[in-house]
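In: What follows is a predicted structure for the sequence shown.
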Amino acid sequence: MKAENTYKSIWRISYPIIIGLMAQNLMIAIDTAFLGRLGEVTLGASAIGGIFYLCLVMLGTGFSVGVQILIGRRNGEGKQKPIGRIFDHAIYFVIALSLLLFLFLTYVAPLFLSWFLASEAVLAESLVYLDYRRFGFLFGFMILVFNGFHVGITRTRLLIATTSLMAATNIFLDYVLIFGHFGMPQMGIAGAAMATNIAEVVTFTFFVLWTIKNKRLPRYGLFRFHRPSLAQYRPLLKVAVPVMFQFFFSFSAWFIFFMIIEQLGETALAASNITRSFYMLLMIPGLGLSSATNSLVSNLIGQGRSEEVIPLIRKVVILGLIATFVLIQVNIFIPGRIAALFTTEPHLIRATIPLLHVISLALLAFTSGMILFSGVSGTGKTMVALLIEIISIIIYLGSAFMLVVFLDATTPTVWFAEVIYFSLLGLGALWYLKTGKWKVYRV
């Protein structure tokens, strides 16, 4: 399927990703709401453990985006057979990566977290979560490769079914395992981790069965299990490795940001976790559109239509800002009701309300910034994108650190660093796109 530079085409590719992300992020929000019933220590631990795990998952996510960019380029060029070889080599890579990260969580993570966490209770709960969650790398990464393939060929509707299946399975098992219903033991935070692991296995199984039975997919040569080839990995890793580190640094920055917040106390950390969960829900239009931008830009360049890239990105930014502006009205007008969905403790609700106000502004910066940034990645200039990310992160974390350590700032003021971060990301990406240097790059 060829990419087109129209609002209709942008929306056709984006809306399945958005719906899929809605299901996935709803799963995270409900996780937080369930764990919020167990107290602020468990709620804070789920933030630390969850974000630490996501930092490592971002290596796989970044790799899958590299896969998506390369598949998108080959799809735009009309070269379907090489796509199967890219897919198979991606599978080999994530199997090895999942094993390395499993070992890291087993032997390194406990020591690492003990250095940084001030609360012994939060540390203990975080390690329980990670002890169970480490088994999820393999199937989670396999799902990411399948997602990268389908977004790369611009056939994204299947993602609605797969992410909805994963979310529904996870939410049901959360209810059963966290609280101990239907004769199951009450596992608390460990139940949340176990529920997600099982949901990923179910979703991966669905992807495999769908791929085997779908009559359109054999043209791409999937599951031929080609012999691993260094020549095949060169272009893939050239694009993917910078994106892997870019995603890793991005979420690591968020992890460090939460480490900084943790110094303000357990209430500040718990309120920030509530904010994070709802923040990620409201990010959905921006995330979906930025993922589509990656694939659309790569497809357009593959078709030899580089002059249409910036007008395309402009249209995506307009769509994203309109959608985000509509969504943030709930933060502005009913923040107390939003906070009450995640906790019944009045002091936590009061602590969360001002944070929801701050992220309303951050979301506008996020949407425009991420779409522009994904435009740079979609050109294949992922090393440039990594450099923009690193500069933005340094300023972001430096601002948050100074606010907490030297200025004794309140939690809402510290959260304003999110606005700074995404604004810098967008401005850096816009500057590079305007230079036009990406037009001569080939992958």
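Out: That came through fine. Numbering: from 1, shown residues only.
In: neighbouring contacts of stretch 324-341?
Out: Applying CB atoms under 8 Å, 6 or more residues apart in numbering, the contact partners of stretch 324-341 are 33, 274, 278, 282, 285-286, 348-349, 352-353, 356-357, 359-360, 363-364, 366-367. No exception for glycine: its C-beta is placed from N, CA and C like everyone else's.
In: Surely Phe416 is in contact with His357?
Out: No - in this structure, Phe416 is not within contact of His357 by CB atoms under 8 Å, at 10.4 Å.
In: returning to what we had before: ok, of the contacts of stretch 324-341, which come out buried?
Out: Burial by neighbour count, 16 or more other CB atoms under 10 Å: within the contacts of stretch 324-341 this picks out 33, 274, 278, 282, 285-286, 348-349, 352-353, 356, 359-360, 363-364, 366-367.
In: Contacts only, for His226.
Out: With contact taken as CB under 8 Å, 6+ apart, His226 is in contact with 84-85, 88-89, 232.
In: let me fix that: Leu99
Out: Remark: with contacts taken as CB under 8 Å, 6+ apart, Leu99 is in contact with Leu138.
In: which phi and psi does it have?
Out: Per-residue torsions, Leu99: phi -70, psi -40 (degrees, to the nearest 10).
In: low-scoring stretches of the stretch 301-443 of the chain, by residue?
Out: 440-443 (pLDDT under 70).
In: for it, what spans make up the helices?
Out: Listed in chain order, the helices of the stretch 301-443 of the chain (DSSP state H, counting those that start in this stretch) span residues 309-327, 329-333, 335-340, 346-378, 382-401, 411-415, 417-435.
In: again, but for the stretch 151-300 of the chain
Out: Listed in chain order (using DSSP H, counting those that start in this stretch), the helices of the stretch 151-300 of the chain are 158-179, 189-213, 230-262, 266-282, 284-302.
In: Reformat the ones you listed as a markdown table; add distance to Phe141.
Out: Rendered in a markdown table, the data for those read as follows (distance: least, CB to CB, whole Å):
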| stretch | distance to Phe141 |
| --- | --- |
| helix 158-179 | 14 |
| helix 189-213 | 9 |
| helix 230-262 | 12 |
| helix 266-282 | 20 |
| helix 284-302 | 17 |
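In: Pick the most buried one from these.
Out: Sort the helices of the stretch 151-300 of the chain by mean neighbour count, taking mean count of other CB atoms under 10 Å, and helix 284-302 sits at the top with a mean of 27.
In: just to revisit the earlier point, just send the contacts of His226 back as JSON lines, with pLDDT too.
Out: Output for the contacts of His226, formatted as JSON lines (pLDDT from 0 to 100):
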{"residue": "Gly84", "pLDDT": "83"}
{"residue": "Arg85", "pLDDT": "88"}
{"residue": "Asp88", "pLDDT": "90"}
{"residue": "His89", "pLDDT": "91"}
{"residue": "Gln232", "pLDDT": "83"}
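In: Ile13: which of these is nearest?
Out: Nearest to Ile13 among the contacts of His226: Gly84, at 21.5 Å, using CB to CB.
In: For the closest one, what is the enclosing helix or strand?
Out: Assigned by DSSP states H and E, Gly84 belongs to helix 82-107.
In: what comes up buried for that helix?
Out: The neighbour-count check on helix 82-107 (16+ other CB under 10 Å) flags 82-91, 93-94, 97-98, 101-102, 105 as buried.
In: what helices or strands is the very next helix or strand once past that helix leaning on?
Out: For helix 82-107, the following helix or strand on the C-terminal side (DSSP H and E) is helix 109-116. In terms of contacts (3 or more CB pairs under 8 Å, 6 or more residues apart in numbering; DSSP states H and E), helix 109-116 is packed against helix 40-77, helix 120-133.
In: closest one to Leu158 among these?
Out: Put simply, out of the helices and strands packed on helix 109-116 the one that sits nearest Leu158 is helix 40-77, at 14.2 Å, with distance taken as CB to CB.
In: Send me the strand or helix carrying Ile143 as PDB with only the CA atoms.
Out: Here Ile143, judged by DSSP H and E, is contained in helix 137-152. Once side chains and other backbone atoms are set aside, the C-alpha atoms of helix 137-152 remain, and they are given as PDB (Å, rounded to 0.1, in the frame of the first residue of the first chain):
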ATOM      1  CA  PHE A 137      10.900  -9.500  27.400                       C
ATOM      2  CA  LEU A 138      10.800 -12.200  24.800                       C
ATOM      3  CA  PHE A 139       7.100 -12.100  23.800                       C
ATOM      4  CA  GLY A 140       6.900  -8.300  24.300                       C
ATOM      5  CA  PHE A 141       9.700  -7.800  21.800                       C
ATOM      6  CA  MET A 142       8.200 -10.300  19.300                       C
ATOM      7  CA  ILE A 143       5.000  -8.200  19.400                       C
ATOM      8  CA  LEU A 144       7.000  -5.100  18.700                       C
ATOM      9  CA  VAL A 145       8.600  -6.600  15.600                       C
ATOM     10  CA  PHE A 146       5.100  -7.600  14.300                       C
ATOM     11  CA  ASN A 147       3.900  -4.100  15.000                       C
ATOM     12  CA  GLY A 148       6.900  -2.600  13.100                       C
ATOM     13  CA  PHE A 149       6.100  -4.800  10.100                       C
ATOM     14  CA  HIS A 150       2.400  -3.800   9.900                       C
ATOM     15  CA  VAL A 151       3.100  -0.100  10.400                       C
ATOM     16  CA  GLY A 152       5.900  -0.300   7.800                       C
END
